[in-house]
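K.L.:
predicted structure and sequence below. I'll ask about it afterward.
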There are 2 protein chains.
Amino acid sequence: MDTKSYNRELPTLQDVAREARVSTATVSRTLNFPNQVTEATRLRVMETVRALNYTPNFSARALAARRTNTYGAVIPTMENAIFARGLEAFQKVLVANGATMLVASSSYDPQIEEDQIRNMIARGADGIVLIGNDRKPEIYRFLEERQVPVIIAWTGSSLAGRSCVGFDNVAAARQLALKAISLGHRRIAFISAHTVSNDRARDRVAGARAALRDAGLDADAMPLVETKYSIQCGQDAFATIMAADPKPTLVMCGNDVLAVGAIKAAQEMGLDVPGDVSITGFDDIELATIVSPALTTVHVPHRQMGRLAAEMLLAEVRDKSEPRQINLETHVVERQSLAAPRDQG
Amino acid sequence: MDTKSYNRELPTLQDVAREARVSTATVSRTLNFPNQVTEATRLRVMETVRALNYTPNFSARALAARRTNTYGAVIPTMENAIFARGLEAFQKVLVANGATMLVASSSYDPQIEEDQIRNMIARGADGIVLIGNDRKPEIYRFLEERQVPVIIAWTGSSLAGRSCVGFDNVAAARQLALKAISLGHRRIAFISAHTVSNDRARDRVAGARAALRDAGLDADAMPLVETKYSIQCGQDAFATIMAADPKPTLVMCGNDVLAVGAIKAAQEMGLDVPGDVSITGFDDIELATIVSPALTTVHVPHRQMGRLAAEMLLAEVRDKSEPRQINLETHVVERQSLAAPRDQG
DNA sequence: TTGTACGCGTTATCAA
DNA sequence: TTGATAACGCGTACAA
């Protein structure tokens, strides 16, 4: 009995070549550089490709060409709509250019992030996009050794001449805080994501502090609660903050999800927002327009970052273009959750 | 000048073998089957692996082993929180088992979905999870030819003995509609995602119709608007539906995002929800608890589906286990957006 | 324009 | 337990 009749093997380049009566090299060229082949042979080859239902083997191709046409993205979590949208835009550009996206999420865990990065490189990713600057230097060394182009997203500044596409988290948070201060707020508290190994979170807190200093206030006295990423965490953190005396007139939140939690907690405590206490967010996800009162927040150009990250990566790999640092604009979106404090004390 | 000093090559198995004074076979075994090797050689090999900072080449490994330890997921969109969460759970199980996830989104476009599926298979995915049953038969043929295990998620029933993990969309929607009918609703309208090549959406509409029939009402008369997936689309669809006369007392929505849009539109029209009109959702994403009034909706076990899909896929590939059909329970989550109609006419 | 032939870095078979 | 060595399927100098 012939084994082949059982697990019928997939057609290979060889099969196509034999059937089309050309060499494997010609088949390969037909597939990769169609214009290096006469129309007659191209048609004949393509015909047998279709007839045999041939599909190139990715692994073999990657091994021989030392290129995968694959680009990776390691993000903190898919559950944050803002990263999901960035990815969607990232993928769209790649697909339009015949490339493929690899995604992994680290659950905000530096160790998992490192594993995921190494894994992607082992799989031959031609380039990679990472969120934020904060990670062990050895990871950067590793990437440099392998000569893998990297793009740091979500921040407008990077070290060591690395490419980045993002915005100034400090400036954005500062601008929002200044607006609040100009409305009369003096006692400002902050609910932030954990700032360890998260430069975006740290920068946003720093931005609020900078604004306080600008106004001649004591920045170090600003109450700060760090917590994880979820509505429930925002609620709990808000309760913690409001247990203090005197209470703040404004609670700034490092992202919209925490802010929504804060609003929920406030309402459960019988507080009017923004009458009794103002609350601001950061990101401007859809949630911000749904919650009542709608969130005053900072609009982050997530889609643009995803798109540009893909374009930069493709350019660095295919055209050997130089690393670039792109710092996008952000702006405060004024809705209803921030207003002048009732008690101007 | 030696070229090698410029683009220093990465260490290979050969390098490790030479350095550790063993054969490449032994190095390979040390890495893949540590217990088939004496402790002495194992230690020596591992030491040089570390010293050279060696990482196996994924492509070469996949080519030789005919296995990638990679599992793909093609979803309609990452922007829907419910898919994002399913993926997060899917990835978690894979990573815990030393496997890797590949993700692609199709933007609800059948052609893109087909491309993405073929792409994943070409990249050697050992298994794949797809959302829903609806797709061209040739795609299933293709998958069967390649003998790639497939799991259909988001639905509790599948054809041709294929594995699936999901729930009964018809029954879930029917249950919700029956609850509304028992409250006194008679004029029910439906806002759905496009039902072409989307069996989940179609099933939910069918469930509502079934409930109407159960109650002796005219199911075919139910107003139905199909639209895309976004809050804005929900708003527009609601406006369309309320332009009719007589107006419905309940607008059921195929998912929570559309329902949130409907609520927004209702409020902009000066209608009280649920006083003037009731609105229901489907999915039970976080948004459902944030919007006011909070959404009465169907809770979908997204995390469980993601987890189980990964476990089933691993079992089918590694343990050659048989395909299974898992039908999970759903339940209606009663909140404030559904109440007895004021006008029982 | 086309073909020959070698190399890519592993795994796996078989013999020792 | 270990070692030689033949695949694995494709890209690409180089030659024709």
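P.N.:
All right, it came through fine. Given the structure is predicted, the values throughout are model-derived calculations rather than measurements.
K.L.:
would you map the helices across the stretch 151-300 of chain A?
P.N.:
Assigned by DSSP state H, counting those that start in this stretch, the helices in the stretch 151-300 of chain A fall at A:169-182, A:199-214, A:231-242, A:256-268, A:287-290.
K.L.:
so which of the ones you listed comes closest to A:Arg42?
P.N.:
helix A:199-214 (50.4 Å; Cβ to Cβ). Just so you know, the C-beta spots here come from the backbone N, C-alpha and C atoms, and that holds for glycine as well.
K.L.:
that older thread, I'd like the helices of the stretch 151-300 of chain A laid out as TSV, including mean neighbour count and mean pLDDT.
P.N.:
Formatted as TSV, the entries for those read as follows, by neighbours: other Cβ atoms under 10 Å in any protein chain shown; pLDDT from 0 to 100:
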stretch	mean neighbour count	mean pLDDT
helix A:169-182	21	97
helix A:199-214	22	97
helix A:231-242	21	96
helix A:256-268	25	96
helix A:287-290	21	92
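K.L.:
closest to A:Glu316 out of those helices?
P.N.:
Within the helices of the stretch 151-300 of chain A, the stretch nearest A:Glu316 is helix A:199-214; the backing value is 22.4 Å (Cβ to Cβ).
K.L.:
give me the contact list for the closest one.
P.N.:
Judged by Cβ atoms under 8 Å, 6 or more residues apart in numbering or on different chains, the contacts made with helix A:199-214 from elsewhere in the structure are A:131-134, A:154-155, A:168-178, A:180-181, A:188, A:190, A:192-195, A:218-220, A:222, A:224, A:226, A:252, A:254, A:282.
K.L.:
tell me which helix or strand A:Leu130 sits in.
P.N.:
With the criterion set as DSSP states H and E, the secondary-structure element containing A:Leu130 is strand A:127-131.
K.L.:
which strands or helices does that strand pack on?
P.N.:
Here strand A:127-131 is seen to pack against strand A:70-75, helix A:110-122, strand A:150-153, helix A:302-318 when contacts are counted using 3 or more Cβ pairs under 8 Å, 6 or more residues apart in numbering or on different chains; DSSP states H and E.
K.L.:
could these be laid out in CSV, adding mean neighbour count?
P.N.:
Compiled in CSV, the helices and strands packed on strand A:127-131 are given as follows (neighbours: other Cβ atoms under 10 Å in any protein chain shown):
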stretch, mean neighbour count
strand A:70-75, 25
helix A:110-122, 18
strand A:150-153, 25
helix A:302-318, 21
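K.L.:
these into CSV, with extra columns for distance to A:Val291?
P.N.:
Listed next are the helices and strands packed on strand A:127-131 as CSV, based on distance: least, Cβ to Cβ, whole Å:
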stretch, distance to A:Val291
strand A:70-75, 24
helix A:110-122, 30
strand A:150-153, 26
helix A:302-318, 19
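K.L.:
worst mean pLDDT among these?
P.N.:
Among the helices and strands packed on strand A:127-131, helix A:110-122 carries the lowest mean pLDDT, at a mean of 90.
K.L.:
so what's the residue most central in space within chain A closest to, chain neighbours aside?
P.N.:
Here the mean C-alpha position of chain A is nearest to the C-alpha of A:Phe83 (Cα atoms, centre = their mean), at a distance of 4.6 Å. Spatial nearest neighbour of A:Phe83, chain neighbours left out: A:Ile75 (4.5 Å); criterion: Cβ to Cβ, 6 or more residues apart in numbering or on different chains.
K.L.:
quick one: that neighbour from A:Val257, how far?
P.N.:
Per Cβ to Cβ, to the nearest Å, A:Ile75 is found 15 Å from A:Val257.
K.L.:
can you classify A:Ala60 by secondary structure?
P.N.:
The local conformation at A:Ala60, judged by DSSP: H, G, I helix; E, B strand; the rest coil, is helix.
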